[in-house]
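Enquirer: predicted model and sequence follow; I will ask about them next.
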Amino acid sequence: MLKTNESAENYLETILILKQQKGAVRSIDIANELDFSKPSVSVAMKKLRENGYVEMDAEGDIHLTS
């Protein structure tokens, strides 16, 4: 997982909020919202994908899994 479960929850919560606000969520949106670097968000998204929490489509939009 990420550094802590809290960190993962923070990312997932941010994705949920941004999805409700914008409809589509990309890594850059998360980076801007959390004031994190794009590379650190990319690493976190990769871990969340590997653990089955999110999926990314061909356009780079991030979707939470059920």
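Expert: Yes, it's here.
Enquirer: alpha carbons only for contacts and neighbour counts from here, please
Expert: Will do.
Enquirer: my guess is Leu64 meets Val54, correct?
Expert: Yes: taking contacts as CA atoms under 8 Å, Leu64 lies within contact range of Val54: 4.4 Å.
Enquirer: list the buried residues of stretch 40-50.
Expert: Of all the residues in stretch 40-50, those buried under the rule 16 or more other CA atoms under 10 Å are 41-42, 44-49.
Enquirer: is Glu55 in a helix, a strand, or coil?
Expert: strand (DSSP: H, G, I helix; E, B strand; the rest coil).
Enquirer: also the one 5 residues further on?
Expert: Assigned with three-state DSSP, Gly60 falls in the coil class.
Enquirer: give the contact list for it.
Expert: 26-27 (CA atoms under 8 Å, 6 or more residues apart in numbering).
Enquirer: same thing with Asp57?
Expert: Neighbouring residues of Asp57 by CA under 8 Å, 6+ apart: His63.
Enquirer: how near is it to Asn5?
Expert: Distance of Asp57 to Asn5, given as CA to CA, to the nearest Å: 24 Å.
Enquirer: ok, Ala58 - how many residues close by?
Expert: 6 (other CA atoms under 10 Å).
Enquirer: that one and Glu9: what is the separation?
Expert: Taking CA to CA, one finds Ala58 at 24 Å from Glu9.
Enquirer: can you check the pLDDT for the residue of the chain most remote from its centre?
Expert: For the chain, the residue at maximal distance from the C-alpha centroid (CA atoms, centre = their mean) is Ala58, at 15.3 Å. pLDDT recorded at Ala58 is 94.
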